[in-house]
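Undergrad: the sequence and its predicted three-dimensional model are supplied below.
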Amino acid sequence: MDLDPVPGLPLLTTLFCETSTVKKKTTVKCEFPDALYTKKSFYGGLVGAGLGVVEIALIAVFVLLCFKMKHDVTKVFLSIVYIPLGLSSIFKIALAVYSIMEGAYGWFYMVFLMFFNWLYTIAVLNTSIGSVIYLAALIVVARKKHNFNPFDSWISYFSVLFFSALLSGSYHFVSYQWNQLPAASIFFTYVLCTVGIVAELLVSLCIVFICNGEKKSSDVVILTGDPVVDDARSRLAWGALSVIVMNIPQWFEIYVKITELFTPYLWDSDKQKTVFYTAQAKELLTLDTIRIFLSLLMLVAMFITVSGRFAIQLWLHKKPHPNSTKKHEKSGNAAQNKVFVASQTQPLLMETGEKKKEVHHHASHHHEPEKRPIPPTPPTATTTHTNPSHVHAPPAQTSQMIPPQYPGVGFSPGMLQLPHNMQTTIVYTPAVAYENINGHMQVEKFK
């Protein structure tokens, strides 16, 4: 009995076993290739058990990092990949333990191996399809400076997980008499997703290096307090690199499916057909042995992403996530945020938030003061008559809760009234900022 049959291909017992009957006594003689025993020693030995333990440990690290990832599409993408990958690691350990105790054969060995292959294929399909969505999301955040709704991200990626489970199940559990139809569906899914990933990698390269542009004097620093938005370009660059690393197993599976699917159907003889299938079976066994190590590439990618390294930094320094403190400051510390008003005709504030020092005009009685349109005053302000030749600055505000008073500018709760003839730019800077992984403030262009 073949313990790991390939859909649509002859069984190993058909290729490497001979049956002879002498005096109503049937004898089966099998000479399996060395590649089969190498595969059994890896999957059913200490190598498989050790790799499974390492993978479970890395996934446990990812679970801890998730507590420091808030409203991050990277966490959602890695989660739908690591859920089936972690389950496949459990079956990998169970397969190795059973083989060490009972031997690499039997019904339980076949069941554990089949479930491992099913879950591993789900993880690779999630990586393939999810990478297209992930890169598109990073590109939109980098260009629009706006984060996604986490609930919408989970819905999208769980749809990918459901589709991958059905496609992988049709390949591993459906009757093998269906030939190679499920394998062909998986192959074309890999190819189409690869085309999409390459196209998005080119767009990411343009955004990060080419389309960034030179910084102009009118650019300002905008910090939203959300590291996903403030550090969007860095996350896009490192996210693209992590996608390349994570999709190495996918491109390996494309080669496996090419070896499995593209077989000549016009045979000169049955002998020629047997020779080809025998060589093909040996190559597929070797590729199955290599597959056991590829799960680590999908797990190591979480340390390449900025989100993963940022979460590690928060854990090491025992700092909360910026979004966690942002909610408290919105309710209790709103007065600590500064509003900078910069005018092209009448500058009111410096970058420090303090009023410019006004120069006292010692105007002569022989010269009339310059006539300027009188700006409107706020509704709550009292009208006073002052001598234009003796203009004094208003007293400094001692409390941040009291809005500053400036000529022609009125402050009221939720409102800022400005003169109608003033061209004004308002830049709102939250009091909460954060440091990126290099310990520096992130600078983004205002668009």
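TA: Yep, it's here.

Undergrad: helices of the stretch 51-200 of the chain, start to end?
TA: Along the stretch 51-200 of the chain, counting by DSSP state H, counting those that start in this stretch, helices occupy 73-102, 107-144, 150-172, 181-205.

Undergrad: show me what counts as buried in the third one.
TA: Judged by neighbour count (16 or more other Cβ atoms under 10 Å), helix 150-172 contains these buried residues: 153, 156-157, 160-161, 164-165, 167-168, 170-172. Any C-beta I mention is one placed from the backbone N, CA and C, and that applies to glycine too.

Undergrad: still on that earlier bit, TSV for the helices of the stretch 51-200 of the chain, including mean pLDDT and distance to residue 10?
TA: Formatted as TSV, these follow (pLDDT from 0 to 100; distance: least, Cβ to Cβ, whole Å):
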stretch	mean pLDDT	distance to residue 10
helix 73-102	92	24
helix 107-144	91	18
helix 150-172	89	17
helix 181-205	92	15
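
Undergrad: so which of these gets nearest residue 258?
TA: The closest of the helices of the stretch 51-200 of the chain to residue 258 is helix 181-205. By Cβ to Cβ, the value is 7.6 Å.

Undergrad: other residues contacting the closest one?
TA: Helix 181-205 is contacted by residues 7-8, 121, 125, 128-129, 131-132, 135-136, 138-139, 167-168, 170-171, 174, 236-237, 239-240, 243-244, 247, 250-251, 253-254, 257-258, 260-261 when judged by Cβ atoms under 8 Å, 6 or more residues apart in numbering.

Undergrad: just the buried ones from these, in ChimeraX syntax?
TA: A single ChimeraX command selects the buried members of the contacts of helix 181-205 (16+ other Cβ under 10 Å):
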select :7,8,121,125,128,129,131,132,135,138,139,167,168,170,171,236,237,239,240,243,247,250,253,254,257,260
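
Undergrad: so where's the chain uncertain?
TA: Across the chain, the ranges flagged by pLDDT under 70 are 1-4, 175-179, 211-228, 266, 321-447.

Undergrad: let's see 80
TA: For the chain, the stretches with pLDDT under 80 are 1-10, 20-26, 28, 70-71, 144-151, 174-180, 209-232, 263-270, 319-447.

Undergrad: do a quick rundown of the strands in it.
TA: Applying DSSP state E to the chain gives strands spanning 17-22, 25-30, 338-343, 410-412, 415-417, 424-429.

Undergrad: list the contacts of the residue nearest to residue 82 when sequence neighbours are not counted.
TA: Among residues not flanking residue 82 along the chain, residue 59 sits closest, at 5.3 Å (Cβ to Cβ, 6 or more residues apart in numbering). Counting by Cβ under 8 Å, 6+ apart, residue 59 makes contact with 82, 85-86, 89, 299.

Undergrad: can you count the residues close to residue 315?
TA: Each residue near residue 315 was counted by other Cβ atoms under 10 Å, and the total is 14.

Undergrad: ramachandran coordinates for the closest residue to it other than its chain neighbours?
TA: Once flanking residues are discounted, residue 315 sits nearest to residue 68: 6.1 Å by Cβ to Cβ, 6+ apart. Dihedral angles of residue 68 (phi, psi; degrees, to the nearest 10) stand at phi -110, psi 10.

Undergrad: which ones are touching residue 68?
TA: Counting by Cβ under 8 Å, 6+ apart, residue 68 has contacts 310-311, 314-315, 321.

Undergrad: against residue 60, how distant is it?
TA: Separation of residue 68 from residue 60 (Cβ to Cβ, to the nearest Å) stands at 15 Å.

Undergrad: next, format the buried residues of helix 150-172 as a markdown table and append distance to residue 280.
TA: A markdown table is the format used below for the buried residues of helix 150-172 (distance: Cβ to Cβ, whole Å):
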| residue | distance to residue 280 |
| --- | --- |
| 153 | 41 |
| 156 | 38 |
| 157 | 36 |
| 160 | 31 |
| 161 | 32 |
| 164 | 26 |
| 165 | 28 |
| 167 | 23 |
| 168 | 22 |
| 170 | 22 |
| 171 | 17 |
| 172 | 19 |
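
Undergrad: which one of the residues you listed is nearest residue 73?
TA: Set against residue 73, the nearest of these by Cβ to Cβ is residue 153 (5.3 Å).

Undergrad: list the contacts of the closest one.
TA: So residue 153 contacts 73, 76, 137 (Cβ under 8 Å, 6+ apart).

Undergrad: tell me how many other residues crowd residue 301.
TA: For residue 301, using other Cβ under 10 Å, the count is 23.

Undergrad: do the same with residue 67
TA: Neighbours of residue 67 using other Cβ under 10 Å come to 12.

Undergrad: so it versus residue 116, what's the distance?
TA: 29 Å.

Undergrad: also residue 64?
TA: To residue 116, residue 64 is 25 Å away according to Cβ to Cβ.

Undergrad: neighbour-wise, which of those two wins?
TA: residue 116 (25 against 11).

Undergrad: what's the closest non-adjacent residue to that one?
TA: Residue 116 sits nearest to residue 91 (Cβ to Cβ, 6+ apart), 4.2 Å away.

Undergrad: isn't the one you found right next to residue 112, touching?
TA: Yes: Residue 91 sits in contact with residue 112 when judged by Cβ atoms under 8 Å, with a separation of 5.3 Å.

Undergrad: so who does the closest residue to residue 32 other than its chain neighbours touch?
TA: For residue 32, ignoring the flanking residues on the chain, the nearest one in space by Cβ to Cβ, 6+ apart is residue 16 at 5.1 Å. Residue 16 makes contact with 30-33, 278, 281 under the criterion Cβ under 8 Å, 6+ apart.

Undergrad: out of the contacts of residue 59, which are buried?
TA: Using 16+ other Cβ under 10 Å, the buried members of those are 82, 85-86, 89, 299.

Undergrad: which residues touch the residue nearest to residue 299 when sequence neighbours are not counted?
TA: Distances taken as Cβ to Cβ, 6+ apart place residue 58 nearest to residue 299, at 4.4 Å, with adjacent residues excluded. By Cβ under 8 Å, 6+ apart, the residues touching residue 58 are 296, 299-300, 302.

Undergrad: so of those, which ones are in helices?
TA: Judged by DSSP state H, the subset of those located in helices is 296, 299-300.

Undergrad: out of those residues, which is nearest to residue 25?
TA: When the ones in helices among the contacts of residue 58 are ranked by distance to residue 25 (Cβ to Cβ), residue 296 comes first, at 49.5 Å.

Undergrad: that closest one contacts residue 55, doesn't it?
TA: Yes: with contact defined as Cβ under 8 Å, residue 296 counts as touching residue 55 (7.0 Å).

Undergrad: which one's more surrounded, the two?
TA: Each of residue 296 and residue 55 has its neighbours counted (other Cβ under 10 Å); residue 55 has more, 22 against 14.

Undergrad: next one: the more buried one from residue 35, what distance?
TA: Counting by Cβ to Cβ, the gap from residue 55 to residue 35 is 24 Å.

Undergrad: out of residue 91 and residue 112, name the residue with the larger neighbour count.
TA: Legend: neighbour count by other Cβ under 10 Å for residue 91 and residue 112, higher for residue 112 (23 against 20).
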